[in-house]
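[1] Got a predicted structure here, sequence first:
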Amino acid sequence: MTLDRVKRGQLLKIMSIPDKQIRAQAIRFGIAEGELVNCEEVVPAGPVVIRKNNQLLALGRGLARQISVQCME
């Protein structure tokens with residue numbers, strides 16, 4: 001499953017970020033493969049908002065579509 005298809009409230013594990021540039025961009029946000037994040041909000045036709053520790057990050061759909069996740073619940 002990719003990050004753009006998750007639902008609000010899910011606990012997620014980042015499984016893979018295959019594109020090198022997107023991986024570098026995600027690492028700047030503090031997101032790497034193996035990290036656990038919570039989905040805080042999915043804005044219709046907008047970004048996916050995730051929480052890592054106490055930080056909220058809004059990721060655009062294009063970026064979220066390229067990040068593979070696994071639901072941990």
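    On my side now, so go ahead. Not measured: the values here are computed from a predicted model.
[2] list the helices and strands whichever helix in the chain runs longest packs on?
    Across the chain, the longest stretch assigned as helix under DSSP state H is helix 20-28. In this structure, helix 20-28 makes packing contacts with helix 61-64, judged by 3 or more C-beta pairs under 8 Å, 6 or more residues apart in numbering; DSSP states H and E. Any C-beta I mention is one placed from the backbone N, CA and C, and that applies to glycine too.
[3] Name the residues that touch the helix it packs on?
    Outside of helix 61-64, the residues within contact range by C-beta atoms under 8 Å, 6 or more residues apart in numbering are 2, 3, 4, 22, 25, 26, 45, 46, 47, 48.
[4] and that helix, C-alpha only, in CSV?
    Output in CSV follows, covering the C-alpha atoms of helix 61-64 (Å, rounded to 0.1, in the frame of the first residue of the first chain):
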residue,chain,number,x,y,z
ARG,A,61,-0.2,13.3,-3.0
GLY,A,62,2.6,12.9,-5.6
LEU,A,63,5.2,12.3,-2.9
ALA,A,64,2.9,10.2,-0.8
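[5] Now it: buried residues?
    By neighbour count on 16 or more other C-beta atoms under 10 Å, the buried set for helix 61-64 is 61, 63, 64.
[6] swap in stretch 50-70?
    50, 52, 57, 59, 61, 63, 64, 66, 67, 69.
[7] From the chain's centroid, how far away is the helix or strand of the chain with the lowest mean pLDDT?
    Using mean pLDDT, DSSP states H and E, helix 20-28 stands out as the lowest-scoring helix or strand of the chain, at a mean of 88. Counting by C-alpha atoms, centre = their mean, to the nearest Å, helix 20-28 is centred 12 Å from the centre of its parent chain.
[8] Number of residues surrounding residue 10?
    By other C-beta atoms under 10 Å, the residues close to residue 10 number 17.
[9] who's in contact with it?
    Contacts of residue 10 by C-beta under 8 Å, 6+ apart are 38, 39, 71, 72, 73.
[10] quick one, phi psi at the third one?
    So the one you mean is residue 71. phi -70, psi 130 (degrees, to the nearest 10).
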